[in-house]
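# Whatever this is, show me its structure:
(one chain, ligands or ions: 1)
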Amino acid sequence: MQDQLCIASGMEDTVELKEKLSRYEKENEELRTRVEELTDFFENASIPLHWVDGGGIIIWANQAELDALGYAKEEYIGFPISDFHADPEVISDILDRLVNNETLHDYSARLKCRDGSIKHVLINSNVLRKDGKFIHTRCFTRDVTEKKYEEQRRNDFVAMVSHELKSPLTAITSYVQLLMRKWNNDTDGFNMQVLSRIEIQAKKMVNMAHDFLSLAKIGDGKIQLRREKFDLNILISEIAEDARLLTSKHAIQTLNRTETEIYADRDKIGQVLINLLSNAVKYSPHGGQIIIGCDKKPGEVTISVTDQGMGINRTDQKRLFERFYRVDQKSKEVSGFGIGLYLVSEILKYHQSEIKVDSEEGKGSTFYFVLPTALE
Ligand code: ADP
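Numbers count the residues shown, from 1 in each chain. All right, here's what the predicted structure looks like:
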């Protein structure tokens with residue numbers, strides 16, 4: 001009886017074991033299929049992918065990446081990623097950021113292809129870590145070369161048109177000024193009035209051409225500062241004088257007019273002020289006071305332009321400095337392209353400064369930025 005029980009329980013064990021084994025085999029098979037599918041997915045995905053280890057060496061890349069750059073596996077995997085970047089400082093910045101646990105979103109870089117050509121890419125990457133240890137990056141690259149070239153062609157066109165427009169417009173302004181000098185003593189003020197209107201409009205167009213040219217240069221990364229030491233207050237006075245010609249409705253005032261020497265690009269800071277002032281005029285259509293402040297503290301000066309115009313709500317304030325951004329309702333009433341504040345912010349970035357805004361809808365706005373004063 002005892003023996004029979006033992007045999008029966010042994011048989012049950014065997015059946016159970018067999019069932020377990022077949023379950024494991026099935027699960028194993030499913031797992032293998034999943035791994036194969038995932039491997040296939042990454043190896044043959046149409047987007048270029050690669051892994052780089054903590055030492056900056058490429059340890060894996062998929063076919064799309066090899067095809068995009070034209071390398072065979074043996075020419076790419078096992079080599080430093082920096083060998084394939086056109087700009088050493090860019091890849092070194094990328095690796096630094098990844099080591100510091102940053103995730104890169106659409107980081108712009110240029111890669112060297114096997115045939116010597118250059119590809120513009122956007123990189124998205126972060127790091128797989130185990131127990132805090134850098135295992136490898138997870139890097140996705142998107143080819144944007146065609147888009148870059150298209151942008152380049154557009155920039156070149158804009159630059160060419162603006163450049164061509166600037167010369168005749170400058171000539172018109174000079175001839176108008178010549179006539180104004182000639183007719184200065186004219187008893188009938190009509191000629192002078194017409195000429196001064198022509199001058200104002202021509203100057204507006206020169207400024208627009210100037211802005212478009214700067215936009216194209218910024219797009220190409222070709223802006224170069226010509227820094228010099230100059231008195232900020234003289235520049236502010238000149239620009240305020242020009243702005244007064246644009247409007248009879250506004251009282252344009254300059255505050256704290258003490259000598260303030262700064263070391264910056266005079267033309268570009270002038271462009272910043274012209275843009276802020278012409279906005280202050282444009283966006284306070286009922287007139288009022290416009291104040292240009294120049295608040296000097298030890299080592300720095302805060303320059304501000306305040307108006308009593310329509311103001312800007314909080315949501316729009318966050319987006320004002322984007323290229324081509326215009327506040328909807330206002331842009332319908334006032335002409336513009338939405339590039340002025342973008343240029344202001346870019347020019348100031350080149351000066352390691354930043355444009356800021358305080359504004360309340362219906363009450364007015366203050367745009368301001370800080371620059372270091374020149375060393376004595
Ligand atoms: P534009 O004036 O050509 O539209 P800007 O880049 O100079 O382009 O300005 C972007 C937008 O910011 C404007 O369309 C306007 O809506 C808003 N803005 C700029 N300056 C002021 C201001 N001083 N007051 C109110 N809104 C302003």
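# those helices in the protein, which residues are they?
Using DSSP state H, the helices of the chain run over 2-44, 63-69, 73-76, 88-99, 145-182, 190-219, 232-246, 266-282, 314-317, 328-333, 340-350.
# What residues sit buried inside stretch 62-80?
Neighbour-count burial for stretch 62-80, counted by 16 or more other CB atoms under 10 Å, picks out 62, 64, 65, 66, 68, 69, 71, 76, 77. In this view, the C-beta of every residue, glycine as well, is placed from N, C-alpha and C.
# and if you look at stretch 321-329?
Neighbour-count burial for stretch 321-329 [16+ other CB under 10 Å]: 321, 326, 327.
# okay if I get the helices of the chain as TSV plus mean pLDDT and distance to residue 114?
Converted to TSV, the helices of the chain look like this (pLDDT from 0 to 100; distance: least, CB to CB, whole Å):
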stretch	mean pLDDT	distance to residue 114
helix 2-44	85	20
helix 63-69	96	6
helix 73-76	96	7
helix 88-99	96	18
helix 145-182	89	15
helix 190-219	88	29
helix 232-246	91	52
helix 266-282	94	41
helix 314-317	93	48
helix 328-333	69	48
helix 340-350	95	35
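# Nearest to residue 361 among those would be which one?
For those, proximity to residue 361 was assessed by CB to CB; helix 314-317 is nearest, at 8.7 Å.
# could I get the helices of the chain as CSV with distance to the ligand?
Shown next, in CSV, are the helices of the chain (distance: least, CB to the nearest ligand atom, whole Å):
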stretch, distance to the ligand
helix 2-44, 44
helix 63-69, 37
helix 73-76, 44
helix 88-99, 29
helix 145-182, 15
helix 190-219, 9
helix 232-246, 13
helix 266-282, 3
helix 314-317, 7
helix 328-333, 4
helix 340-350, 3
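# So which of the ones you listed is nearest residue 129?
Smallest distance to residue 129 across the helices of the chain (CB to CB): 10.5 Å, for helix 88-99.
# Show the contacting residues for residue 196.
For residue 196, the contacting residues are 180, 245, by CB atoms under 8 Å, 6 or more residues apart in numbering.
# now swap in residue 84 and tell me
For residue 84, the contact set (CB under 8 Å, 6+ apart) comprises 69, 76, 111, 112.
# Residue 345: neighbour count?
Counted with other CB atoms under 10 Å, residues neighbouring residue 345 total 19.
# try residue 58
Around residue 58 there are 22 residues (other CB under 10 Å).
# Let me know whether it touches residue 78 as I believe.
Yes. The criterion here is CB atoms under 8 Å, and residue 58 meets it with residue 78 at 6.9 Å.
# Now the common contact residues for these two.
Between them, residue 58 and residue 78 share no contacting residue under CB under 8 Å, 6+ apart.
# Residue 285 - how many residues pack around it?
So residue 285, with other CB under 10 Å, has 13 neighbours.
# For residue 255, which non-adjacent residue is closest in space?
Excluding the flanking residues, the one nearest residue 255 by CB to CB, 6 or more residues apart in numbering is residue 293, at 4.9 Å.
# tell me the contacts of the one you found?
Taking CB under 8 Å, 6+ apart, we find residue 293 in contact with 255, 256, 302, 303, 304, 305, 306, 368.
# Could you do residue 166 as well?
Going by CB under 8 Å, 6+ apart, residue 166 touches 206, 209, 210, 213.
# The third one: neighbour count?
Residue 210 has 20 neighbouring residues, counting by other CB under 10 Å.
# what's near enough to touch it?
162, 166, 271.
# Could you do the first one as well?
Under the criterion of CB under 8 Å, 6+ apart, the neighbours of residue 206 are 166, 169, 170, 173.
# rerun at 6 Å
residue 169 (CB atoms under 6 Å, 6 or more residues apart in numbering).
# what are the C-alpha coordinates of stretch 274-292, in CSV please?
Written as CSV, here are the backbone C-alpha positions of stretch 274-292 (Å, rounded to 0.1, in the frame of the first residue of the first chain):
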residue,chain,number,x,y,z
ILE,A,274,15.9,101.3,-31.9
ASN,A,275,13.8,98.1,-31.8
LEU,A,276,12.7,98.6,-28.2
LEU,A,277,11.9,102.3,-28.8
SER,A,278,10.0,101.7,-32.0
ASN,A,279,8.0,99.0,-30.3
ALA,A,280,7.2,101.3,-27.4
VAL,A,281,5.9,103.8,-30.0
LYS,A,282,4.0,101.2,-32.1
TYR,A,283,2.3,99.4,-29.2
SER,A,284,1.1,102.5,-27.4
PRO,A,285,-1.1,103.9,-30.1
HIS,A,286,-2.8,106.4,-27.8
GLY,A,287,0.5,108.1,-27.0
GLY,A,288,1.8,108.8,-23.6
GLN,A,289,5.2,108.9,-22.0
ILE,A,290,8.1,106.7,-23.1
ILE,A,291,11.1,106.6,-20.7
ILE,A,292,14.6,105.4,-21.5
